[in-house]
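Asker: Need coordinates for the following:
(5 chains, ligands or ions: 5)
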Amino acid sequence: MSTSIIILIVLLVGAVGGYAAYQRGRQLRIERGMRPHSRPIYHASYVLSWAWVPSLLLLGTWLIASPILNEIQIRNAFPEDAVAEAGLTDDLAYGIVESIGVGLRSLPEDERDQIDEDTPIEDALPLFRQYGVAIASASQDWMLPLAIESNIWSTVSRWAMTIVVVLFAAGGAFYGYRNIRTRLRARNKVEKVVNVTLIVASSIAIMTTVGIVFSMLFESADFFSRVSAWEFFFGTTWEPRFSAAGSGGETGQFGLIPLLAGTLYIGAVAMAVAVPIGLFAAIYMAEYADNRTRSVAKPLLEVLAGIPTIVYGFFALVTVGPFFRDLSAQISGLLTGNYSAFIQAQSVLTAGCVMGIMLIPFVSSLSDDIITSVPRSLRDGSLGLGATRSETVKRVILPAALPGIVSALLLTASRAIGETMIVVLAAGVAANLTINPFEAMTTITVKIVQQLTGDLEFTSPQTLVAFALGITLFVITLCLNVYALYIVRKYKEQYE
Amino acid sequence: MTDATANDISDRSEATRGRRDIGIKRRYAAERRFKAYGMIAIGLGIAFLFILLWSVVSKGYTAFWQTEIRVPITFSEEVIGTAEEGAANQSKLMMANYPQLARDGLIQLLEIDPENSEAVSAANGLVSQGVRMELRDMVLNDLQVIGTTEDVWLYASSDLDSALKGSYDLSVEESRRPISDLQLEFIERLEEMGALEQNFNWGLFTFGASSRAETAGVGVAIIGSAYMMLIVLALALPIGVAASIYLEEFAPKNRFTDLIEVNINNLAAVPSIVFGILGLAVFINWFGLPRSAALVGGLVLTLMTLPTIIIATRAALRAVPPSIRWAALGLGASKTQTVFQHVLPLAAPGILTGTIIGLAQALGETAPLLLIGMVAFVADYPETPLDAATALPVQIYMWANEAERAFQERTSGAIMILLGFLALMNLTAIFLRRRFERRW
Amino acid sequence: QSSEAVQVAGSSTVLPYAQIIAENYGETFPDYPTPVVESGGSSAGLKQFCQGVGPETIDIANSSRQIRDLEVQACNDAGVNEISEIKFGYDGIVFASAASGESFALTPEMVYKAMGAQVPQDGEMGENSFSSWSDVDPSLPDQEISAFIPASNHGTREVFEEKLMLQGCEDSGAMQVMMDGGMDEDAVEDACMQVRNDGAIGEISGDYTETLARIDANPQAVGVFGLAFYEQNQDKLQVATVNDVTPTAEAIATGEYPVSRPLFFYVKRAHLGVVPGLQEYVQFFLSEQMTGEGSPTVEYGLVPLSADERQTQMDQFESGETVTVSG
Amino acid sequence: MDMSRATFEKGPAVSQDKTIKMASKDVTVHYGQKQALNGISLDIKERQVTALIGPSGCGKSTYLRCLNRMNDTIDTAKVDGKILLDGENIYDPDLDVVELRARVGMVFQKPNPFPKSIWENVAYGPKIHGLAKNKDQLEEIVHTSLKRAGLYKEVKDRLDEPGTGLSGGQQQRLCIARAIAVSPEVILMDEPCSALDPIATATVEELIDELKQNFTIVIVTHSMQQAARVSQVTAMFHLGDLAEVGATEKMFSNPDDKRTQDYITGRFG
Amino acid sequence: MDMSRATFEKGPAVSQDKTIKMASKDVTVHYGQKQALNGISLDIKERQVTALIGPSGCGKSTYLRCLNRMNDTIDTAKVDGKILLDGENIYDPDLDVVELRARVGMVFQKPNPFPKSIWENVAYGPKIHGLAKNKDQLEEIVHTSLKRAGLYKEVKDRLDEPGTGLSGGQQQRLCIARAIAVSPEVILMDEPCSALDPIATATVEELIDELKQNFTIVIVTHSMQQAARVSQVTAMFHLGDLAEVGATEKMFSNPDDKRTQDYITGRFG
Ligand SMILES: Nc1ncnc2c1ncn2[C@@H]1O[C@H](COP(=O)(O)OP(=O)(O)OP(=O)(O)O)[C@@H](O)[C@H]1O
Ligand SMILES: Nc1ncnc2c1ncn2[C@@H]1O[C@H](COP(=O)(O)OP(=O)(O)OP(=O)(O)O)[C@@H](O)[C@H]1O
Ligand SMILES: [Mg+2]
Ligand SMILES: [Mg+2]
Ligand SMILES: O=P([O-])([O-])[O-]
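Answerer: Ligands and ions are numbered 1, 2, ... in the order given. Model (predicted):
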């Protein structure tokens, strides 16, 4: 029986149990004449939870465990020398066995019956092909019985699973139903289930973090075993060399500082563009604009967040960068008579500005929502004292909305740090260390992507450094976030 | 007392003199400035948007038209074999030399000497290499066409198409452009005959990836993106909202929840490609999910979008005044009921914003897909989320890197399609926001 | 089911060719699904290739450089023991400038002098102070030096450094000056490959489209392109000669034009016979029809192997020759 | 007329035999560092009205909020001591606060209607507690509650308009209607008539009189007259202490405590 | 004692010679479709206290909010008619609301302290209007305002704690302090004593008495006694109409209007 049907049955059992519980719950009230602790709907949900949760958990476990067990079993049954003889690895041999299994299952009943353990594989292959299953030519006679065995195992396992799961569902429903009585705190139990679900949801963030750290840890360790951490963290030159090209095995220099400086600098310029524009736009939409303007302007601005960054990148490259360059040439021409550009076509300024445009909606939309939800009584209080709207906004509403706005800003800053394409096209990839915003710099993220997708040997420090950069960036932003949390805590204002 | 007249009052308007100075002029100036800043900010934002849109649309609108040539095709039995043979042996039909049919048709149409190999290859360069598929499908659909002659609209080659659309500088010497003088002459002749037409380019929406611009489309990418967006929406929204509710409403305020909070904020700052690394390590290498699959892409984007949704949702939840919670709790609503029935609806606009921004970001993201094999040439339509697929931004990225001119307009065309998707999402959001927004 | 399609990953330089082949393969072999060709860089492709053997791993890695020993080692450690290396053509690397501007006739020496960080002046090494091409050599146009070269993560950069900078360093006598100055050989090579860092040279980590866009925005500049890319954009670009040789497919194939690199793909032999259609894909790739003279890939800009060479590659593949760690 | 005497005659005598519905023992409350209640022990008898009086900021609302554990929702608040409802400690971890709050309803000092329609505001409680078997019954509950709170006439045509668009007094009555719609056993009212005109006040006082037949009521009020009119027991708070508690009659005529005396006479003198 | 008489003796006689500070002519207000005020014409004399009374929901707050154009902030509200302040039409487009509101201050029905410290709450108005020349003066204003509102003693040690952490009555006094800190010419008070105990009420009433020496005060109250005690003129609203207006003394002893009569006697009878 297919998994979806099993799930359907479980759902049905739960639904029936839930319905019965619902009726029982209503009955209770009539019988006892006193109000039960929980409403019938909670009795229903209670039974539903009992029917669904254990059985579906079991189903999931089974679905994961059964193929693994099957695989172990089949692999153990491999004739050892035969595998080696055929020049296959265990993995490949198992892959073929699996696809033979698939082939067998896709045959119609009567044709399948003709194949048994002794059928030579050559005879079976054309059949499989006829039914659209291409099987490797490296398949061997001994694989067929294993495939049959594997198929049997999975069939049996499936039936067993079906029965057990459905029993679990029914049992759960029954148990839940029997528990129903006036004093049963069904609501609390159901809410506990909800609560656990919520906890599980929030733990995904933790698991993601763990996953990220682990998926980069080994490579980073590998990197640090080849390049000294001191040089990496405090080096001021970024100049990895090709390990092969005549550099005498030199790997070049991996100084983090120029990248870090570039990241912070470009991010800061981007924030300097996005925050004022976004915040003022949000304030205008929330406090001044009529509803029509707002309902048009807001989604329009949100489109800015969805334009692929490559578009921004080319916009910077083709339009903004040359514009700044020519502008600077004009300015210096007017001032000094020497028409040479002091802004490079690729510069921190260009990247920051263009990225800032992309980030506008992150500030504007989120802040707008938060400002809108500040209760009107606060506005009235301030306006009633004779404050102008702008004074009200600046002195009452923004402070009240501050925690939310800070969250929005943090999110914006985070995006600024994580952006690649715009920086590549607008500020370039040269890792300079400068304080001149008119020159090119680059960011950590750019280098992560670049080192990871280049032509460099993948075992070399040049590639591995991407992982080290990833972890480092992770830790740096972590510190910044801890600091931000501390600041927000300090200035929190709670209304009402 | 109400009989006091207005005159009475105006007589004493002197009293208004010598009023206290509360810096009204200055404050009003500040007010006007402030308001102007707001308008400027919105104006700037929208202006940027339109500049960007303009830069895309002006380059890309031509992608929605495709030149076709009407060629009389003789489905000659010599070339493709008889209908009976074809019915018996499909593979012969499949492998037949269909381009020759097109070539012969062109020779006939343009009245070229078949011996003049230069002219023949010039003529041949006018139609797409995709004719093989186009004609083969015709034959396979209906074996009866074999042996007949029919006028067929064939896709013009991308060089012809681009030349007609003016993307090539035709003033440069012949050897420096992909379209020769002879071909230009042919084009003129075809136009005179009315055998050249520009039609709406449905193929752009339906074709999969192709190395030939004229048969390249975002079909596979749209499917891939749609799968991924559905997965992201189905996972990230509920998980994100659930996590936010827990953290904001239920979680005890302690070190551990601080840790989660910082953690989530931090995840937002993780470069998207790192999520690709994670996806590769966890979903592909560990769970053994297939490469290039929309499912994996969706999962990776889900993880990437979660922080955005959580941060927005938490901010929205926090902004709901506590008196609403007290009111519900005081009536004997449980915490869960309070949150789900009162707080959440009031926070809905904020949640929606987070979702839209998160989805928009996910819809436009390429980098994380790079490592899980979705930046790929995929010609076949995916049937399930487990099949190989690409995504719209990926297709854009790949086309942007193509050398051929025809791909450049298609890049912009694909961006327009992506923005269309985005607009659709935003419209939904506007509609939902209207329903939820409430000031009190 | 496309899960059984041949899975290819790797170099973005090879991608257009692999794409053409995959598409034609799909049309020619309707029994097999069209191969999936991932882009993402040679190194990323090889890394995936060396992940292991089995259904979730890729079958072919495209690469714009030869696999390195350490990588072969890593492959072997992961159980990927039998790898066939197949060279299928060359990628010509050319200098090109805006079609509207002056034309360039370069030599490695000029390139080195214009772009090197340190250049010899009066027998002394000093900061590169040339600001105009005509300062470097009077035969060159009198315009500001501005060039876009591949960033250091690109294989092309390596070729550029070896074939032009190093060569130019030697030709210009800079190498000699430095040797005389008592530097050891490695240090000299390093110094030779160092490009100036004063804004005259822009590094491109993206694709040639980016280079083209930059030249569009700054018509004075010279950029490094692949031959194929240049050929598709001849109306906008004009190519520079190197040592008076105009880069063409023939000149590159014969080795007359010095700056080129071979293109490869690597086949996981363990998957032969396991992944349906893999063998056919390789054969199809090396067929006259696909990578021979006049084939679509060559039309696109591939510098093809000679028929003999292609046959050798084919034979090596059929005979099961594999890559081993050298030395 | 002499207010105090007039009303005492009207109020029924305190019946000493009533059972204790809620009892608090040594309840102290801290808001962060600040102590707001210093060990309050007070019994609240069944089916009668207990009035809490005392100067502003003395802890009346705080005490009231302890009785249905609304202080739980204030992060900084810390409650110690014991409060019994029908002999059960309501601060017992096993106790279900939700059930408690359904049994001990509350009308807040500041009216806080939901930003929903008037109808929904009142129907919410009955809905979540499943008090109505069907739509009609629910309708019935909503209407009766609004009527008893004296709001029905004013809003009957606009039941689907937002509750937040009502006048201050209307909002207050809406909150009263909302609270009684759940029919809690104990009703805590924090200045339910503060925004009400005399007529509406009279309606609410009648309501209280009527409710006390079946329910237990604790009311915070600043109006001595109101305390005198509706309550049987009065507790006087002062700076976080329970200054005095006793039969309303006695409290207003002959208080033991100096502070009560001052407070009451401060008003009348 | 007889409340009504007692207070009337206390209130000073209405002096007919006072100038008119604010005058409204045919003021009507609609909230969306609903009409809340039906053409109110009322003069408010300088340096005296005008009390607005009337049953809940009759439009008192609405009228009050018209006087300093707080209704502007409600999207659905539409005000017609004319309101003059010192002879100027305050709904004149040329007039600026900010100055108007600085001159006509308001204390809202529901206390709405800012989520800032107590000190900041009071200092807010003077700061934005630049009323204090220096820090000391500001400090001075804050302290005096708090003292006059009768809150100072309770909060003097916690001026830097949030105003939202105060008890209901404390918040109300904070809002009064905040309003008088700006020293407006006219002060509108919407039930300023609703959450106050008698002592605090007395303080506020004293404050009003004192303020009326220099300022004009309009107060909405539900307490007849309070109206009688503090006001010189009383206006009775009913269902959006101005039922009657007159000297407080007369209103409470011998009202002309049937509705006024009913309302007043409904309370005392
Ligand atoms: N924002 C609003 N939207 C719609 N109707 C409103 C709004 N504010 C008040 N009303 C209605 O207008 C009428 C007058 O309200 P107002 O607040 O002026 O009454 P009030 O006299 O102050 O009453 P109370 O003494 O209860 O505060 C009432 O019927 C009320 O429901
Ligand atoms: N959330 C809070 N945080 C800090 N202090 C508080 C909080 N709530 C109340 N307080 C303080 O606790 C004391 C008692 O407050 P409570 O609200 O119980 O007074 P009350 O007797 O109800 O006064 P009122 O009659 O003015 O409403 C007051 O001093 C008040 O400032
Ligand atoms: Mg209180
Ligand atoms: Mg009111
Ligand atoms: O993508 P490449 O490895 O060829 O640069």
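Asker: Break down the stretch 351-496 of chain A into its helices, ranges please.
Answerer: A:376-384, A:389-392, A:398-418, A:421-427, A:444-453, A:461-490 (DSSP state H, counting those that start in this stretch).
Asker: and B:T338, which of the ones you listed is closest to it?
Answerer: Closest of these to B:T338 is helix A:398-418, at 20.0 Å (criterion: C-beta to C-beta). C-beta here means a position set from N, CA and C on the backbone, and glycine is covered the same way.
Asker: Could you identify which of the helices of the stretch 351-496 of chain A is most buried?
Answerer: Mean neighbour count (mean count of other C-beta atoms under 10 Å in any protein chain shown) peaks for helix A:421-427 among these, with a mean of 30.
Asker: Who are the packing partners of it?
Answerer: When contacts are defined as 3 or more C-beta pairs under 8 Å, 6 or more residues apart in numbering or on different chains; DSSP states H and E, helix A:421-427 packs onto helix A:257-283, helix A:309-315, helix A:348-372, helix A:444-453.
Asker: May I see the ones you listed organised as TSV, with distance to E:A77 and mean pLDDT added?
Answerer: As requested, these are exported to TSV (distance: least, C-beta to C-beta, whole Å; pLDDT from 0 to 100):
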stretch	distance to E:A77	mean pLDDT
helix A:257-283	23	93
helix A:309-315	44	87
helix A:348-372	19	92
helix A:444-453	52	88
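Asker: Serialize the ones you listed to JSON lines and add fields for distance to D:M189.
Answerer: Output for those, formatted as JSON lines (distance: least, C-beta to C-beta, whole Å):
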{"stretch": "helix A:257-283", "distance to D:M189": "41"}
{"stretch": "helix A:309-315", "distance to D:M189": "59"}
{"stretch": "helix A:348-372", "distance to D:M189": "33"}
{"stretch": "helix A:444-453", "distance to D:M189": "60"}
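Asker: hang on, the earlier thing: indicate which one of the helices of the stretch 351-496 of chain A is closest to A:V53.
Answerer: Using C-beta to C-beta, those put helix A:398-418 closest to A:V53, at 33.3 Å.
Asker: where in the stretch 201-350 of chain A is pLDDT low?
Answerer: A:242-251 (pLDDT under 70).
Asker: Using TSV, lay out the helices of the stretch 351-496 of chain A together with distance to ligand 5.
Answerer: Shown next, in TSV, are those (distance: least, C-beta to the nearest ligand atom, whole Å):
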stretch	distance to ligand 5
helix A:376-384	57
helix A:389-392	54
helix A:398-418	23
helix A:421-427	14
helix A:444-453	7
helix A:461-490	12
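Asker: How about A:A289, nearest residue that isn't a chain neighbour?
Answerer: A:A297 (6.8 Å; C-beta to C-beta, 6 or more residues apart in numbering or on different chains).
Asker: That neighbour and A:I397, how far apart?
Answerer: For A:A297, the distance to A:I397 equals 19 Å [C-beta to C-beta, to the nearest Å].
Asker: who's more crowded, these two?
Answerer: Counted by other C-beta atoms under 10 Å in any protein chain shown, A:A297 and A:I397 do not tie: A:I397 has more neighbours, with 24 against 20.
Asker: what residues are up against the more buried one?
Answerer: Neighbouring residues of A:I397 by C-beta atoms under 8 Å, 6 or more residues apart in numbering or on different chains: A:E287, A:I371, A:V374, A:L378, A:R379.
Asker: Grab the nearest non-local neighbour of D:Q213.
Answerer: D:R47 is the one closest to D:Q213 (C-beta to C-beta, 6+ apart), at 6.8 Å.
Asker: how about the contacts of A:I397 in TSV, adding distance to chain E?
Answerer: Putting the contacts of A:I397 into TSV (distance: C-beta to the nearest C-beta, whole Å) gives the following:
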residue	distance to chain E
A:E287	11
A:I371	14
A:V374	9
A:L378	6
A:R379	7
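Asker: For the residues you listed, work out which two are farthest apart.
Answerer: Taking C-beta to C-beta, no two of the contacts of A:I397 sit farther apart than A:E287 and A:L378, at 12.2 Å.
Asker: Which of the contacts of A:I397 sits closest to A:F458?
Answerer: Closest to A:F458, out of all of those and judged by C-beta to C-beta, is A:I371, at 49.0 Å.
Asker: And for the closest residue to the closest one other than its chain neighbours, the neighbour number?
Answerer: Nearest in space to A:I371, with sequence neighbours left out and distances taken as C-beta to C-beta, 6+ apart, is A:A286 at 4.0 Å. The tally of other residues near A:A286 (other C-beta under 10 Å) stands at 24.
Asker: who touches A:A286 in this structure?
Answerer: A:R294, A:S367, A:D368, A:I371, A:T372.
Asker: picking up where we left off before, ok but the residue nearest to D:Q213 is inside a strand, no?
Answerer: No - judged by DSSP: H, G, I helix; E, B strand; the rest coil, D:R47 forms no part of a strand; its state is coil.
Asker: Could you check how many residues crowd around it?
Answerer: 17.
Asker: For D:I208, see how far away it is.
Answerer: D:R47 sits 12 Å away from D:I208, taking C-beta to C-beta as the criterion.
Asker: need the contact list for residue 66.
Answerer: Chain wasn't specified; assuming chain A. Taking C-beta under 8 Å, 6+ apart as the contact definition, A:S66 lies against A:S154, A:S157, A:R158, A:M161.
Asker: meant chain D actually
Answerer: Contacts for D:C66 were tallied using C-beta under 8 Å, 6+ apart; they are D:S24, D:V27, D:V29, D:L37, D:V79, D:I83.
Asker: Quick one: neighbours of A:A272, just the number.
Answerer: 13.
Asker: My error: substitute B:F50 in the last question.
Answerer: Residue neighbour count, defined by other C-beta under 10 Å, stands at 12 for B:F50.
Asker: Distance of C:I201 relative to A:A440?
Answerer: 11 Å.
Asker: what ranges do the strands span in the stretch 301-440 of chain B?
Answerer: Ranges of strands within the stretch 301-440 of chain B are B:376-377, based on DSSP state E, counting those that start in this stretch.
Asker: which one is the closest residue to chain D within it nearest to, not counting chain neighbours?
Answerer: Chain D sits closest to B:G332 of the stretch 301-440 of chain B, with a gap of 3.1 Å, by C-beta to the nearest C-beta. Closest residue to B:G332 apart from its sequence neighbours, by C-beta to C-beta, 6+ apart: D:A102 at 3.1 Å.
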